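Peer 1: I would like the atomic coordinates for the input below:
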Amino acid sequence: MAAPTVTHAVLRTAATALRAPTPADGATSTNSRTPAGNPREGRAVDERLWNRSTSDPTPFTADALLPARFVNDFNTEYVRVAAGPRPCAEAGPDNLVTVLAGHGCIEVMAGVYLEQGSSNPPILVSVSVFPLPDDATAANVYDLVQGEAYWRMTIWSADDGDDTPRPGAPISGYRWGHNRRRHRYLICTRAVRTDRATGDWLEPWLRAASGRAHAICGPQNHHGD
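Peer 2: Sure thing, here's the model as predicted:
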């Protein structure tokens, strides 16, 4: 059965098993951004504050955790088209939801980014930022996400004219994902082309999009008291 046409930012999908690359874990310690949304050197922050919810000054808002845009290693721009908190019950499989709820994490900050300037159907990048109570808890949940829940994480979507991220319906399509633990935050990104294209020729493009998103999202986007 042929896949239906997908327009602009409309993509309703959830992850299915394809491939799980080894995640990278970096540490950017600035709170300023370039116009494209990528980090740059700026006023340093004490990253130790991000280790516990009781000391973390980062508000649970889209602007504090998700940049408005970013540019990947291919110099391709991605713009945030939808963002906001969603119930963790929508974010992944039941076993993950149970663990998150047990640690008091009931909402995830969801984001949807769309590739700009491509003559092909654009790549969509889905981002989930989970705020855990502390870095030790985030490490435990990371192990679950990196294992059996890897390709069962929700890929968020958005409708034209609506900036609210929504969980998608399962479809097939080649996608790439990254998971990252940044202090008390767990950051999960998934990239897929909006026409549901398949084929490993997509790998470098999806990997570049997902990889940049997982490095750029998190508490370092908050600049303010």
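Peer 1: so what's the residue count around the residue lying closest to residue 125 once chain neighbours are set aside?
Peer 2: Of all residues beyond its chain neighbours, the one nearest residue 125 is residue 113 (4.2 Å), with distances taken as CB to CB, 6 or more residues apart in numbering. For the C-beta atoms, the positions are set from N, CA and C on the backbone; glycine is no exception. Residues lying near residue 113 (other CB atoms under 10 Å) number 35.
Peer 1: how near is residue 113 to residue 106?
Peer 2: Computed as CB to CB, to the nearest Å, the residue 113 to residue 106 distance reads 24 Å.
Peer 1: next: residue 168.
Peer 2: 21 Å.
Peer 1: who's more crowded, those two?
Peer 2: residue 168 (21 against 12).
Peer 1: my guess is that one meets residue 155, correct?
Peer 2: Yes. Residue 168 lies in contact with residue 155 (CB atoms under 8 Å); the separation is 5.5 Å.
Peer 1: how far away is residue 114 from residue 71?
Peer 2: Separation of residue 114 from residue 71 (CB to CB): 13 Å.
Peer 1: and if you look at residue 185?
Peer 2: Look at residue 185 and residue 71: by CB to CB, they are 22 Å apart.
Peer 1: neighbour-wise, which of these two wins?
Peer 2: Using other CB under 10 Å as the criterion, residue 185 and residue 71 rank with residue 185 on top: 22 against 17.
Peer 1: out of everything not next to it in sequence, what's closest to the residue nearest to the spatial centre of the chain?
Peer 2: Computing the C-alpha centroid of the chain and ranking residues by CA atoms, centre = their mean puts residue 127 first, at 1.7 Å. Nearest-residue entry for residue 127: residue 111, 4.0 Å, with adjacent residues in sequence omitted and distances by CB to CB, 6+ apart.
Peer 1: so that neighbour sits against residue 68, correct?
Peer 2: No. The pair residue 111 / residue 68 is not scored as a contact, 10.1 Å apart, by CB under 8 Å.
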